[in-house]
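**Q** output the structure for:
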Amino acid sequence: MSRTILLLTALAFSAAPALAKAPEQPVSADSKAGKKALLDDNVVTVRNVSREEIVYGLSLVDDDGVEIGTVERLAGNEVVVSDGKAEYRIPFTQLYAFAKDGADLYASRTPKARLKPLPLAVSAPPPPPSMDDEDWSKLGPEGGELPDEGDTEAAPAPAPEATAAPVPAPGS
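**A** This is a model prediction of the structure:
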């Protein structure tokens, strides 16, 4: 009986490497297994973004889904994002897009907690007037007021006449 137990134990240990799972090979997206995997709700496809996609007002989140803010402008290889309280500079290489519910969303690989907040730019230009502004129709091409239709150009004011100052007498 002890020989049988020894034999079975030896067989079990020798068969263990044969039962071990072989390392899995990558699955291509166009294979049957790849198509099945892409249908899973937990799968998110990501892609790099181009500079043309990063426009004023675009909303950005971080990897955890935390709202960072909206794009204000591109500054060299950085994207300036504002949350209304502060500005953040994010390297362009940290941005990516992903699809969720049929829409492209844009995100940063750098978490908002690691971004350094900068004070809002004081010299930022004011936003352009919108159609809701009541004086919109009165603005000229450069933002200045247009003259009223009834206004005529005023004639130039007459030049002041030269008046001679009295010259004091030499003995007074």
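**Q** send the alpha carbons of the helix or strand harbouring Lys36 over as CSV?
**A** Assigned by DSSP states H and E, Lys36 falls within helix 32-38. This file holds the C-alpha atoms of helix 32-38, laid out as CSV (Å, rounded to 0.1, in the frame of the first residue of the first chain):
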residue,chain,number,x,y,z
LYS,A,32,-13.4,36.2,-33.0
ALA,A,33,-12.1,36.5,-29.4
GLY,A,34,-11.0,40.1,-30.0
LYS,A,35,-14.5,41.1,-31.2
LYS,A,36,-16.1,39.4,-28.3
ALA,A,37,-13.7,41.2,-25.9
LEU,A,38,-14.4,44.6,-27.4
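**Q** after that helix comes which helix or strand?
**A** strand 46-47.
**Q** residues in contact with that next one?
**A** Contacts of strand 46-47 from elsewhere in the structure, counted by Cβ atoms under 8 Å, 6 or more residues apart in numbering, are 96-98. Just so you know, the C-beta spots here come from the backbone N, C-alpha and C atoms, and that holds for glycine as well.
**Q** would JSON lines of those with secondary structure be doable?
**A** Formatted as JSON lines, the contacts of strand 46-47 follow (DSSP: H, G, I helix; E, B strand; the rest coil):
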{"residue": "Tyr96", "secondary structure": "strand"}
{"residue": "Ala97", "secondary structure": "strand"}
{"residue": "Phe98", "secondary structure": "strand"}
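**Q** measure Phe98 to Leu60 for me?
**A** 12 Å (Cβ to Cβ, to the nearest Å).
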